[in-house]
Structure formats: C-alpha cells, structure tokens
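Engineer: take a look and give me a structure for this.
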Amino acid sequence: MALSARLSIEPSEADATERFVAVCRVTNEGDEGVSLNVAPLSSPSLALEIEDASGSPVHLPPPPVPPAEPPIERLEAGQEKEAEFAGFLPSWTQPGRYRARCRYVAGSGEPVVSDWVEFTLTPG
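Structural biologist: Sure thing, here's the model as predicted:
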C-alpha cells in the first residue's frame, strides 16, 4: 500500500482551542486502488499525534466506540481521503507552542504519518 499523509492546521496561532481546525489527508500514491479502513480517521484521538514544546504528548479524549463492521472505502490511484477536525485541541490545554501530525494506522503495518505542523495557543 503506497499511502501518504498530509496535515494542515488553521489558524497557526489562536487564543482559544476551539478556533483550531486540523485537516488530515491520506492519499493513495500507488498505481492501483486500495481498500481503506476509515475508522482511524474518524476521531482526532485516532488520527492526530500532538506534542507540546518539550515533546510530551498531549492526550486527547478517547475515541467513540468502533462500529461492529469497519467502515471501508475504496481509494483509487491518486485519490485522497480527507478528515477535518474542528476544535480538536482539548479545552484544558495550556497556552504554548505545539506540533501535530496526522497518523493513519491500518492493521499491523507501520503507520503512515505526515510531517509535523506547528501551531501556537496564546493566552486568551
């Protein structure tokens, strides 16, 4: 499976956690279609990895209970699946600099991760 991941966070600086919106895109870079379990993209706690300025993880609320049957979508060559997470940062997060990346984990293989994206929560 030749997947890649990209993450964008807007705005890059805000004074309230609910202002941030993260968009994770998983793209099929291969020549053939693949079946994609989209459950790992259903919740920020499954799709995002967040660290504070010291490299400590920022823990997110738990994801919802997974469905009995995994939701599978077909991703043809060159197509992408987008997941948007508005207000993904917990309200109890302290002001400071953070970085996040999109993480798609399917099965027992290595996760597909994006580059890190930095953002700043300023005092409100």
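
Engineer: contacts only, for the closest residue to Asn28 other than its chain neighbours.
Structural biologist: Nearest non-adjacent residue to Asn28, counting by C-beta to C-beta, 6 or more residues apart in numbering: Leu75, 4.4 Å away. Every C-beta, even on glycine, is put in place using the N, C-alpha and C of the backbone. Contacts for Leu75 (C-beta atoms under 8 Å, 6 or more residues apart in numbering) come out as Val26, Asn28, Gly33, Val34, Ser35, Leu36, Lys81.

Engineer: can you pull the contacts of the second one?
Structural biologist: In this case it means Asn28. Asn28 neighbours (C-beta under 8 Å, 6+ apart): Ala2, Leu3, Val34, Leu36, Leu75, Glu76, Ala77, Gly78, Gln79, Glu80.

Engineer: list the strands paired with the helix or strand bottoming out on mean pLDDT in the chain, with their directions.
Structural biologist: Least confident element among the helices and strands of the chain, by mean pLDDT, DSSP states H and E: strand 34-37 (a mean of 91). According to DSSP bridges, strand 34-37 forms sheet pairs with strand 72-75 (antiparallel).

Engineer: pLDDT on the strand it pairs with, on average?
Structural biologist: What strand 72-75 shows for mean pLDDT is 94.

Engineer: so how far is the least confident helix or strand of the chain from its chain's centroid?
Structural biologist: In terms of C-alpha atoms, centre = their mean, to the nearest Å, the centre of strand 34-37 is set 17 Å apart from its chain centre.
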